[in-house]
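> structure for this input, please:
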Amino acid sequence: MQNLQHHYYLSYKPPEEEAERATIEKKLVSLRCTKLHYSFWRVPQNEVRKVFETVRENHPLILKRSREIIAPQISFDKGIFDLGSVAIIAYTLSKKEMGKRVAVQRALRKTPRIRIGQSLYLIPYLKAAKLEMYKKKVMLQDDLFDFLRKKRVDAHRLTHLKIVYPSSHKELVKSMADLEAIICQKLALSLKKLAAEITKTPAEELLKLKKILSAYNVMYRTVNGVVFFLNEIMNIDLRNNLKKAYNYLILCKKRYYAKLTYSTV
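This next block holds a predicted model:
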């Protein structure tokens, strides 16, 4: 049996040209690497340097197993960007499985994650006590993996991982923060439009907007859970980004129920 402690794991951004992708894969195979999922490979310990040189220009991410669970250390002020222990979850779905694809995307919205490849996500890996604290607010690696299995999605995971290259995880942290900031911005814009729609909709037609308002309310709770987790665990503060969405949500509810109440008087 192979000792996985003696292996590293590699993720990289594949070139657009098919010939270049094939050349990289051929070289990795020659270095006794094992393809696990698209551009995610298991690498023998003694081949790490050669593997790195092979994908140096392709934004490589190199990880290895860690016996201990390391807490993230992030400080934008001090320039510290260490994600600590992480898990990786990979899944495969065909384009025909639209129902499952929608369900998985909804689950991912509840998960603090960094997309590092096609259907390949890096997720903070916490101690059991911490996991329990945030279980009802977000989906973490255990929850997401269990969800995928229940949906009969072909999924795999690796836990107890530590990123060894790059040494600074600034770009990964920025990717995580930017994604949620964009989600907050889009939610605020959608709620702003809904508030205007409620204003111009006649009272007798208002009920058609109830489902939309309810859906945005659920979406806000989902985003709020992820933002709370990022602030508490990752020291990534997006509360001001979400505040605008919250204000528009309250405005939507006030306008909706005020007009509904007035119409029944």
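> contacts, neighbours, all on C-alpha from now
OK.
> let me see the domain layout of the chain.
According to automatic domain parsing, the chain comprises the domains 1-65, 172-264.
> mind checking which of those is nearest residue 152?
Nearest to residue 152 among the domains of the chain is domain 1-65 (17.6 Å), distances taken as CA to CA.
> and that closest one, how far out from the chain middle?
22 Å (CA atoms, centre = their mean, to the nearest Å).
> picking up where we left off before, of all the domains of the chain, which one is nearest residue 155?
Comparing those by CA to CA, domain 1-65 comes nearest, at 10.1 Å.
> quick check: mean pLDDT across the helix or strand hosting residue 244?
Using DSSP states H and E, residue 244 maps to helix 239-264. Helix 239-264 shows a mean pLDDT of 89.
> also stretch 27-43?
Averaged across stretch 27-43, the pLDDT comes to 97.
> re the thing from before, now the domains of the chain in JSON lines, please, with extra columns for mean neighbour count and distance to residue 160.
Converted to JSON lines, those look like this (neighbours: other CA atoms under 10 Å; distance: least, CA to CA, whole Å):
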{"stretch": "domain 1-65", "mean neighbour count": "16", "distance to residue 160": "6"}
{"stretch": "domain 172-264", "mean neighbour count": "17", "distance to residue 160": "17"}
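> as a markdown table, these with distance to residue 92 would be great.
Formatted as a markdown table, the domains of the chain follow (distance: least, CA to CA, whole Å):
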| stretch | distance to residue 92 |
| --- | --- |
| domain 1-65 | 9 |
| domain 172-264 | 22 |
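> for those, which one sits closest to residue 154?
domain 1-65 (11.3 Å).
> quick check: closest non-adjacent residue to residue 187.
Distances taken as CA to CA, 6 or more residues apart in numbering put residue 245 closest to residue 187, at 6.0 Å, once the chain neighbours are dropped.
> which pLDDT value belongs to residue 55?
97.
> now do the contacts for the residue lying closest to residue 175 once chain neighbours are set aside.
Leaving aside its chain neighbours, residue 175 sits nearest to residue 114 (6.8 Å; criterion: CA to CA, 6+ apart). Residue 114 makes contact with 121, 122, 123, 172, 175, 176, according to CA atoms under 8 Å, 6 or more residues apart in numbering.
> wait, isn't residue 195 in contact with residue 254?
No - if you go by CA atoms under 8 Å, residue 195 and residue 254 don't touch, sitting 9.3 Å apart.
> show me the helices in the stretch 151-265 of the chain, by range?
For the stretch 151-265 of the chain, applying DSSP state H, counting those that start in this stretch gives helices covering 170-200, 210-233, 239-264.
> what are the bridge partners for the residue nearest to residue 45 when sequence neighbours are not counted, then?
Closest residue in space to residue 45, ignoring its immediate chain neighbours: residue 7 at 5.0 Å, by CA to CA, 6+ apart. With DSSP bridges applied, residue 7 shows beta-bridge pairing to residue 44.
> could you report the pLDDT at residue 7?
91.
> so which residue is dead centre in the chain?
With distances taken as CA atoms, centre = their mean, the residue of the chain nearest its centroid is residue 113 (2.3 Å).
> quick one, what contacts that one?
121, 122, 123, 124, 176.
> restricted to helices, list those.
Among the contacts of residue 113, the ones falling in helices (DSSP state H) are residue 176.
> give me the buried subset of the contacts of residue 113.
Burial by neighbour count, 16 or more other CA atoms under 10 Å: within the contacts of residue 113 this picks out 121, 122, 123, 124, 176.
> against residue 240, how distant is the second one?
The one in question is residue 122. Distance from residue 122 to residue 240, counting by CA to CA, to the nearest Å: 25 Å.
> same thing with the third one?
Distance, residue 123 to residue 240, by CA to CA: 23 Å.
> contacts for the helix or strand of the chain with the lowest mean pLDDT, please.
Of all helical and strand segments in the chain, the minimum by mean pLDDT, DSSP states H and E falls on helix 128-134, at a mean of 81. The contact list for helix 128-134 (CA under 8 Å, 6+ apart) reads 140, 229.
> alpha carbons only: can I get the helix or strand just after that helix in PDB?
Toward the C-terminus, helix 128-134 is succeeded by helix 141-150 as the next helix or strand (DSSP H and E). Extracted in PDB, the C-alpha atoms of helix 141-150 (Å, rounded to 0.1, in the frame of the first residue of the first chain):
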ATOM      1  CA  GLN A 141     -16.300  20.200   3.900                       C
ATOM      2  CA  ASP A 142     -18.100  17.400   5.900                       C
ATOM      3  CA  ASP A 143     -21.500  18.900   5.100                       C
ATOM      4  CA  LEU A 144     -20.800  19.400   1.400                       C
ATOM      5  CA  PHE A 145     -19.300  16.000   0.900                       C
ATOM      6  CA  ASP A 146     -22.300  14.300   2.700                       C
ATOM      7  CA  PHE A 147     -24.600  16.400   0.500                       C
ATOM      8  CA  LEU A 148     -22.900  15.300  -2.700                       C
ATOM      9  CA  ARG A 149     -23.100  11.600  -1.600                       C
ATOM     10  CA  LYS A 150     -26.800  11.900  -0.800                       C
END
